[in-house]
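K.L.:
sequence and computational prediction follow.
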Amino acid sequence: MATIPWLVDVLRGAGVQVVVEGDWLNRMRSGSFDPIGVLWHHTAATSSPTNPHPALNICINGRSDLPGPLCQALVDYHGVFHVISAGRCNHAGTSGGSGPIPAGDGNTLMIGWEIDYNGVDQRMTTAQYNASIAATAAVLKRLGRDSSYARGHRETSTTGKIDPSFIDLNTMRADVAAKMAGGGTGWTSIVDNATAGRFTASASWGTSTYSGQRYGADYRYADPVAASDAAWYKFNVPRTGNYRVEAWWPANAGYNAATPYVVATTTGNRTVVVDQRATGGQWRSLGTFTLPAGDANRVAVSRWSSAAGLVIADAVRLTEV
């Protein structure tokens with residue numbers, strides 16, 4: 001039985017936010033798995049900003065009538081991919097055939113995203129849609145397939161499934177094709193705390209190799225204070241435009257729960273607060289901002305936090321969008 005142990009790396013490489021759910025590499029159903037496409041679903045659960053993934057437990061463990069896992073990944077309200085399985089899952093049932101996807105065992109043929117929204121009086125969020133487009137494009141590239149291999153469950157189902165509701169699947173495939181062709185992405189650059197000439201911090205910032213979730217050889221840390229004392233990342237932005245800003249930090253229960261990241265935009269500094277106790281060891285989006293052209297300090301980690309715990313400065317990535 002084949003597996004897709006590359007899934008997490010491919011998603012993160014596409015800029016998708018990922019949370020790994022337990023032993024995903026070994027959580028799977030028995031049987032064949034040789035995927036050629038990606039299948040979109042909705043969960044029929046009502047998600048919200050404060051309850052972003054209500055169907056996660058069911059997708060991992062299954063239902064009384066259908067054992068889990070029920071998908072390779074669940075996409076929560078905020079567009080975060082919760083990766084559940086690297087192998088076969090009970091998500092597709094029998095495929096009646098759709099486009100280049102033949103009739104047969106859908107669980108063998110397709111990788112499944114369960115997008116967490118109810119599909120009755122709730123549509124998928126923009127964050128869910130954009131993340132699912134990016135993830136689908138990246139996975140299809142890895143499989144060596146084009147956008148026609150992205151399907152909706154209602155297209156392949158032999159039992160009248162309606163998911164995913166409220167989206168035009170032809171438009172979805174067009175958006176996947178544009179993403180695969182490079183549309184919406186351009187220049188990208190990473191500055192690590194050890195990048196020569198690109199990172200500056202005062203002597204109050206120490207250096208650590210403690211966490212295996214670090215980016216590169218080490219990272220910087222400091223106690224929170226009622227003063228900025230920011231660690232700055234310098235980028236040579238090629239042109240004024242919109243850029244996705246992402247940060248990488250190692251997470252630890254003793255790190256800071258309200259770390260301010262400052263982004264120097266065309267309209268002044270913007271602050272985004274993150275919890276560095278969680279979701280470490282991956283790129284986390286701080287948002288998309290309009291940045292001016294030129295070589296200058298663009299992103300900072302500030303020590304000015306009212307929360308306890310060490311403030312961490314590791315790596316920052318900018319991507320033109």
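P.N.:
Thanks, I have the structure now.
K.L.:
neighbours around the residue lying closest to residue 310 once chain neighbours are set aside, how many?
P.N.:
Nearest non-adjacent residue to residue 310, counting by Cβ to Cβ, 6 or more residues apart in numbering: residue 221, 4.6 Å away. C-beta coordinates here come from the backbone N, C-alpha and C atoms, glycine included. Under the neighbour criterion other Cβ atoms under 10 Å, residue 221 is assigned a count of 26.
K.L.:
was I right to think residue 221 contacts residue 309?
P.N.:
No: the criterion here is Cβ atoms under 8 Å, and residue 221 misses it with residue 309 at 9.8 Å.
K.L.:
helices and strands around the helix or strand encompassing residue 139, which ones?
P.N.:
Element membership of residue 139 [criterion: DSSP states H and E] is helix 126-143. In terms of contacts (3 or more Cβ pairs under 8 Å, 6 or more residues apart in numbering; DSSP states H and E), helix 126-143 is packed against helix 7-13, strand 37-42, strand 73-75, strand 110-115, helix 169-180.
K.L.:
I'd like these written out as JSON lines, with distance to residue 194 added.
P.N.:
What follows is the helices and strands packed on helix 126-143, written out as JSON lines (distance: least, Cβ to Cβ, whole Å):
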{"stretch": "helix 7-13", "distance to residue 194": "20"}
{"stretch": "strand 37-42", "distance to residue 194": "37"}
{"stretch": "strand 73-75", "distance to residue 194": "32"}
{"stretch": "strand 110-115", "distance to residue 194": "36"}
{"stretch": "helix 169-180", "distance to residue 194": "32"}
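K.L.:
and the strand or helix carrying residue 317, what does it pack against?
P.N.:
Assigned by DSSP H and E, residue 317 belongs to strand 315-320. Using 3+ Cβ pairs under 8 Å, 6+ apart, the elements in contact with strand 315-320 are strand 188-192, strand 231-237, strand 241-248, strand 294-301.
K.L.:
which one of those strands lies closest to residue 119?
P.N.:
strand 241-248 (28.2 Å; Cβ to Cβ).
K.L.:
that closest one: partners in the sheet, and parallel or antiparallel?
P.N.:
Partner strands and pairing direction for strand 241-248 (DSSP bridges) are strand 283-291 (antiparallel), strand 315-320 (antiparallel).
K.L.:
just those strands: most buried one?
P.N.:
Looking across those with neighbours counted as mean count of other Cβ atoms under 10 Å, the highest average goes to strand 315-320: a mean of 22.
K.L.:
next, the distance between the ends of stretch 188-202.
P.N.:
End-to-end distance for stretch 188-202, by Cα to Cα, to the nearest Å: 27 Å.
K.L.:
shaky segments in the stretch 1-150 of the chain?
P.N.:
Scanning the stretch 1-150 of the chain with the threshold set as pLDDT under 70 gives 1.
K.L.:
C-alpha coordinates for stretch 268-282, CSV please?
P.N.:
Taking C-alpha atoms only, stretch 268-282 is exported to CSV below (Å, rounded to 0.1, in the frame of the first residue of the first chain):
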residue,chain,number,x,y,z
GLY,A,268,2.9,52.8,8.6
ASN,A,269,3.6,50.0,11.0
ARG,A,270,1.1,47.2,11.5
THR,A,271,1.2,44.9,14.5
VAL,A,272,0.1,41.3,14.6
VAL,A,273,0.1,39.4,17.9
VAL,A,274,0.8,35.6,17.9
ASP,A,275,0.9,32.8,20.5
GLN,A,276,4.4,31.3,20.4
ARG,A,277,3.4,28.5,22.8
ALA,A,278,1.8,26.7,19.9
THR,A,279,2.0,25.8,16.2
GLY,A,280,5.8,26.0,16.0
GLY,A,281,8.2,24.5,13.5
GLN,A,282,6.3,25.8,10.4
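K.L.:
in it, what's buried?
P.N.:
Buried positions in stretch 268-282, judged by neighbour count with 16 or more other Cβ atoms under 10 Å: 272, 274-277, 279-282.
K.L.:
ok, and what's touching stretch 34-41?
P.N.:
2, 4, 71, 91-92, 100-101, 106, 108-115, 132, 135-136, 139-140, 143, 145, 149-153, 156, 163-164, 167, 169, 172 (Cβ atoms under 8 Å, 6 or more residues apart in numbering).
K.L.:
per-residue confidence at the nearest residue to residue 300 once chain neighbours are set aside?
P.N.:
Leaving out its chain neighbours, the residue that sits closest to residue 300 by Cβ to Cβ, 6+ apart is residue 230, at 3.8 Å. For residue 230, the model assigns a pLDDT of 97.
K.L.:
distance check, the residue lying farthest from the centre of the chain against residue 260.
P.N.:
Largest separation from the mean C-alpha position in the chain: residue 203, at 33.8 Å (Cα atoms, centre = their mean). To residue 260, residue 203 is 20 Å away according to Cβ to Cβ, to the nearest Å.
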